[in-house]
Every structure is written in C-alpha cells, then in structure tokens.
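Undergrad: Predicted model and sequence below, questions to follow.
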Amino acid sequence: MITRLFKLFQAHMKNPIKKPIISIVGTTGVGKSQFSIELAKKINGEIINADSMQVYKGVDIITNKHPLKERDGIVHHVIDHVGWGEEYFIHRFNKEANKAIEDIHARGKIPIIVGGTHYYLQTLLFNNKTLENEKERELTDGEIKLLDGPTDRLFEELRKIDPLVAEKFHPQDHRKLRRAVEIWYTTGQKPSDLYIEQKLDELEQSSLKYNTLVFWLYSEPKVLQDRLDKRVDKMMEIGAKEEIDELYKFYSENNGDCTSGIFQVIGFKEFLPWMENKKQDQANFTHGLERMKIRTRQYAKYQVKWIQKTLHLELQKESKFDYVNGGRLYILDATDLSHWDENVRARGLAVVEQFFQQNMTISEAPDNLTHLLIEKSNLKSNKSIGSEKRWKHYKCDICKDKNGVSFIAVGEYSWSLHLNSRRHKKNTNASSKRKHVEEMIRLHRK
C-alpha cells in the first residue's frame, strides 16, 4: 500500500492540474490528529496545523496538541511557535501556512491541513482573488491603535466606512470587525465591494487554490459528548491544572484580556473565579470543570454546523466545474473506535488512492451518514450580503451583561432564538415582578 500510494502521488504531482492538498476537518476530540499521522505515514505527507490556539507555545494539554511521542516523526508546521503575549492574526497564519505548503510541495511531499479554526482553513483552501491581487499598504500607528482598541470604536469606524458590512457583524465580534476595518485601511476598498467581486469570480471558475480532498471525521453526538467529557477529566489528571496556573500567572502579571490571544483557549476563562480565589474554593473548581465541558460540547456543535452549512456548501459548488480542482468531501465514521481501522483508516486510504488516480468512485458518505450531505439540487448561496432583514440588529433592554450592556442579536433568526431562550424568559419574569413591586410601592405611598 505504501509503495503503490507513493507512486500514484508522484505521478499525480507531474500532472499539469493544480498540486494536491488534503484537509481533515471534524469536531474537537474526534480523532483528526490520529488519522492525519496514519495518512502522512502512508503518502509521505507533512502536517500543517490550522488551529488558532495550537500556534501558541506550550500549554499542550489544554490546547489539545497531539503528543510528540504519538506523532511518529511526522513533521508538523505552524505550531507551538507564538509567544503568549502576542496576538496571532489570520494574515500571519496565511503567510506561514502558504510558505509551508510551498516548501512541502517543493520537496515532493503532500501537505495535510488539520485543525478546527475554520476561518484559518478557509483562507488556505479557497481563493480570495481580489484581496490576493491587491497591493496592501502599511498601517499607520493611529490605525494600528484603533484596530487593537475597544470593540465599540471598531464598530463605529466600520459603520462609517461600510454600513452594509457593519450590519452583517455583531457589534462585539472584535475579530471580524477588526478584519473588515483592516481591509479598508490596507486596500482602500470597502469589504462589501470586495465580497461582491469575489462572488462574481465564483460564478466563472473554481474557487479552490489547490487540487483539494477533504475528509470529515464524524461521530454521533451522544457518543462524542461522553468522549469529550471524559477527555476533559483526563486533561485535569495529566496536567491541565498546572497549565492553567501558568497561564493565570502570566495573565495577572501582564493585564491579560480573556477575549484575545491564548487566553481565549477553552479551559482558561472557565477557571478564572477559582484562580482568583487562590484555588481555595472547590465549588469554583467544580463549576469551572462543568463550564469547560459545556463549552467544549458547544464548540463541537458549532464545528459540525460550520462544516455542513459553510464548508460543504462551498465545496459542492465545485460540481459546476466538474471538480476540476477536486473539492469532494468524504465522511469517515469515527463513532465506534473499535471499528476505527475499517471505518476511518482503511476507507480514508482507499479514497486517497482514488484521488491520486483521479478516479473517484467511492461514495462520499457511508450509508448510515448520507443524511449529513447536502443534495446538489438544494444548493443555494449561503452568503447574501444584501439581505438587510437577515443582518438587522435587535437590542434587548431586558437582558444585559454584568456591565449593563444590552444584549444584541443579529438577524431575525437569532432574535427569535433569544426571545424564546431560557435566559430571556427568566429575565422577563424577573422584570415583571420588579415592576409589580415598584407599582405596589407607588400605590402604597399614595
């Protein structure tokens, strides 16, 4: 198998079509790293990390880096190299990852992209033609100060620059707001104009940068939830608490911000109350542990939603171009780990062999998981920037955060979810009771 796959790969590299790249997606804890190692060993590949937390140095346990002893000597790129005091933005990732891809291809090997930060993956797989062709200018000190400043100022700046895009984003989404304003500063073009140009390009040609094969490792939610909970418990046993302690010391000494950099990692903010109480309150620790499990499960749900609603939808559009640059997504069933070899490893290698032969006949999903795929007949744009109702901002004056800032929902769907949420109903009941008491006091005073 190794010799045959390697020969097929070498022949594939000599073909005039775009050079190959393999991407492995899936939820946290589903086994992406294990499969990437097995695959890399068979096809002479190297791995490029696309997880925004794993780029930071150390804290290997809470960032879920694959242990060195389990990597079997497979080279990993764009990992474990950023200081805790640094912000790591998509521009830098794009530059480092593309350099790694070029280097891997130049040495006759194949890049395997692994990771859960989806906007990182998107920038590697898909062309952003307009931005890539623009000559970007350097930022001024004043612009850098605003970009790194308060989120509310970023939002106001974007509203002045590009009201259409500003309506699309949540006013507290610092990352997206920053990127949109940065585009204006460096290119002089509105993000909405660039978006429209890019969508027009997609009508005419494939959007993929490389000849792309995507694997989606999937586990049934109930099985995955139990697996994730046990993994969090295991992390605590093997040193996660010590890593959290290290991070907290750095955070305290450097006036850290939970909304940026390494401090966004799942497992830090959840334990802040415990750390701030000098690790004396066991109830705080237990609460932090439960919050870490909940956030991990929520993140896994978000990852599945993104794969289905965004990645798979974009890849399906490649069917219009007869998959000239690849783009098929293959689901591997990682639910039952006792059947890993047949359901993940063997099926995955068989797909790769056909990918190199340019003869894809294997079904994209096992029979029990075909419901996860989008029918080509149901294809429609998932990004309608001009749909004002979809991006309208709704403010709830009943539900506020600890600083008294009102909750904001973007779009009718999110607003509907909020109105029917437990939080809103609880706050509404509390508000009604408070108004009733205030009215009784007013009447009594009369």
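TA: Perfect, I can see it now. Residues are numbered from 1 along each chain as shown.
Undergrad: What distance do you get for Val75 to Lys109?
TA: 9 Å (C-beta to C-beta, to the nearest Å). (Each C-beta comes from the backbone N, C-alpha and C, glycine too.)
Undergrad: before we move on, what about Lys32?
TA: Distance from Lys32 to Lys109, by C-beta to C-beta: 19 Å.
Undergrad: Then Lys400?
TA: From Lys400 to Lys109 the distance is 53 Å (C-beta to C-beta).
Undergrad: what about those two, which has more around it?
TA: Lys109 (17 against 12; other C-beta atoms under 10 Å).
Undergrad: In contact with that one, which residues are there?
TA: 44-46 (C-beta atoms under 8 Å, 6 or more residues apart in numbering).
Undergrad: which of the residues you listed tops the neighbour count?
TA: Gly45 (23 neighbours).
Undergrad: Okay, now the unreliable bits of this protein?
TA: 1-17, 128-137, 195-205, 375-391, 410, 413, 433-446 (pLDDT under 70).
Undergrad: Show me the strands in it, by range?
TA: 20-26, 45-49, 76-77, 110-114, 211-218, 326-333, 393-400, 406-410 (DSSP state E).
Undergrad: now what about the second one, what contacts it?
TA: In other words, strand 45-49. Contacts of strand 45-49 (C-beta under 8 Å, 6+ apart): 22, 36-37, 39-40, 55, 74-79, 97, 100-101, 104, 109-115, 124.
Undergrad: Return the list of strands paired to it, each annotated with direction.
TA: strand 76-77 (parallel), strand 110-114 (parallel) (DSSP bridges).
Undergrad: Buried deepest among these, which one?
TA: Greatest average neighbour count among those goes to strand 110-114 (a mean of 25), per mean count of other C-beta atoms under 10 Å.
Undergrad: now it against strand 211-218, angle please.
TA: Per axes from the mean of the first three to the mean of the last three C-alpha atoms, to 10 degrees, the angle that strand 110-114 makes with strand 211-218 is 40 degrees.
Undergrad: Helices of the stretch 301-446 of the chain, start to end?
TA: Using DSSP state H, counting those that start in this stretch, the helices of the stretch 301-446 of the chain run over 312-316, 340, 347-357, 388-391, 412-419, 422-445.
Undergrad: counting contacts, what elements does the third one pack onto?
TA: For helix 347-357, the helices and strands in contact under the criterion 3 or more C-beta pairs under 8 Å, 6 or more residues apart in numbering; DSSP states H and E are helix 2-14, strand 20-26, helix 32-43, strand 211-218, strand 326-333.
Undergrad: Flag every buried residue along it.
TA: Using 16 or more other C-beta atoms under 10 Å as the burial criterion, the residues of helix 347-357 that qualify are 347-349, 351-356.
Undergrad: Could you dump the residues you listed into TSV with distance to Glu86 added?
TA: Shown next, in TSV, are the buried residues of helix 347-357 (distance: C-beta to C-beta, whole Å):
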residue	distance to Glu86
Arg347	40
Gly348	35
Leu349	38
Val351	38
Val352	36
Glu353	41
Gln354	42
Phe355	37
Phe356	39
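Undergrad: Identify the farthest-apart pair in these.
TA: Farthest pair in the buried residues of helix 347-357 (C-beta to C-beta) is Arg347 and Phe356. Separation: 15.5 Å.
Undergrad: What distance do you get for Cys363 to Asn284?
TA: Just so we're on the same page, residue 363 is Ser rather than Cys. 49 Å.
Undergrad: Roughly how far does Val405 sit from Met236?
TA: 33 Å.
Undergrad: what about those two, which has more around it?
TA: Neighbours were tallied for Val405 and for Met236 using other C-beta under 10 Å; the higher tally belongs to Met236 (17 against 13).
Undergrad: Is that one in contact with Leu289, as I believe?
TA: Yes - under the criterion of C-beta atoms under 8 Å, Met236 makes contact with Leu289 at 6.9 Å.
Undergrad: just to revisit the earlier point, what's the closest of the buried residues of helix 347-357 to Arg179?
TA: Phe355 (32.6 Å).
Undergrad: Just give the nearest non-adjacent residue to Val30, would you?
TA: Closest residue to Val30 apart from its sequence neighbours, by C-beta to C-beta, 6 or more residues apart in numbering: Leu217 at 4.6 Å.
Undergrad: what sits opposite the one you found in the beta ladder?
TA: Beta-bridge partners for Leu217, by DSSP bridges, are Gly26, Leu332.
Undergrad: Around it, count how many other residues there are.
TA: Using other C-beta under 10 Å as the criterion, the residues surrounding Leu217 number 23.
Undergrad: residues contacting it?
TA: 24-27, 30-32, 35, 332, 334, 344.
Undergrad: Surely Leu146 and Leu154 touch.
TA: Yes - look at Leu146 against Leu154 with C-beta under 8 Å: they come within range, at 7.0 Å.
Undergrad: Going by how many neighbours each has, rank the two and give me the top one.
TA: Using other C-beta under 10 Å as the criterion, Leu146 and Leu154 rank with Leu154 on top: 25 against 19.
Undergrad: Now that one: closest residue in space that isn't a chain neighbour?
TA: Nearest one to Leu154, counting by C-beta to C-beta, 6+ apart, is Leu177 at 4.3 Å.
Undergrad: of all the helices and strands packed on helix 347-357, which lies closest to Phe89?
TA: Per C-beta to C-beta, nearest to Phe89 of those: strand 20-26, 21.1 Å.
Undergrad: on that earlier part again, among the strands of the chain, which is nearest Thr187?
TA: Per C-beta to C-beta, nearest to Thr187 of the strands of the chain: strand 406-410, 24.8 Å.
Undergrad: Which neighbours in the sheet does the closest one have, and how are they oriented?
TA: strand 393-400 (antiparallel).
Undergrad: now what about the strand it pairs with, what contacts it?
TA: 167, 171, 406-410, 412, 414-415, 418, 423-424, 427-428, 431.
Undergrad: so who does Tyr248 touch?
TA: 268, 271-272, 275.
Undergrad: which one of those residues is nearest Glu314?
TA: Using C-beta to C-beta, the contacts of Tyr248 come closest to Glu314 at Phe268, 31.9 Å.
Undergrad: my read: the closest one touches Ile244, true?
TA: Yes - Phe268 lies in contact with Ile244 (C-beta under 8 Å); the separation is 6.2 Å.
Undergrad: any common contacting residues for those two?
TA: With C-beta under 8 Å, 6+ apart as the test, Phe268 and Ile244 both reach Ile62.
Undergrad: Compare these two (neighbour count), which wins?
TA: Higher neighbour count among Phe268 and Ile244: Ile244, with 27 against 23, using other C-beta under 10 Å.
Undergrad: Distance-wise, check the residue lying closest to that one once chain neighbours are set aside relative to Ile294.
TA: Leaving aside its sequence neighbours, Ile244 sits nearest to Phe271 (C-beta to C-beta, 6+ apart; 5.3 Å). The gap separating Phe271 from Ile294 is 13 Å, by C-beta to C-beta.
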